[in-house]
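Participant: Return a 3D structure for these sequence lines:
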Amino acid sequence: EPELLQLHEQLAIEKLQELARYDLVGEVRRAIGSTLESGETTLETVAAQLNITPRRLRTQLSEANTSFQQILSDYRCRLAKKLLANTNESVERIVYLTGFSEPSTFYRAFKRWTNETPVEYRKRKQHR
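Facilitator: Coordinates of the predicted model:
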């Protein structure tokens, strides 16, 4: 049946496009991980690392229903939680490791992510 074949081909193409977008998100995460401590984690630096234009990166992430800022925020949140729960790194060091330039900015972001301060989160996670 030609119609059925055409439908399957279209579904396969859509799935491949979806996978390519998912791979891009993974590539962006890896690029963020490699630049975070340098303080040079911007859409532009990550796009350059991936050899695409910032505009193209923004468009492709939008097509994947996300944004650079969302991926960066999620990455920082996961890293901060992991460091607070599983290490004895000082909060000041974690501010640096998660790519924040100011402790106050980190504290506000962490509170927004978790509804707890970093110290409260660490206490709760390490006393289980």
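
Participant: Find the helix or strand that the nearest residue to residue 89 once chain neighbours are set aside is a member of.
Facilitator: Distance criterion C-beta to C-beta, 6 or more residues apart in numbering; nearest residue to residue 89, sequence neighbours excluded, is residue 83 at 5.4 Å. From N, CA and C alone the C-beta is placed, and that goes for glycine too. For residue 83, the host element (DSSP states H and E) is helix 68-86.

Participant: Okay, buried residues for that helix please.
Facilitator: The neighbour-count check on helix 68-86 (16 or more other C-beta atoms under 10 Å) flags 68, 71, 72, 75, 76, 77, 79, 80, 81, 83, 84 as buried.

Participant: so who does the third one touch?
Facilitator: Residues in contact with residue 72 (C-beta atoms under 8 Å, 6 or more residues apart in numbering) are 32, 41.
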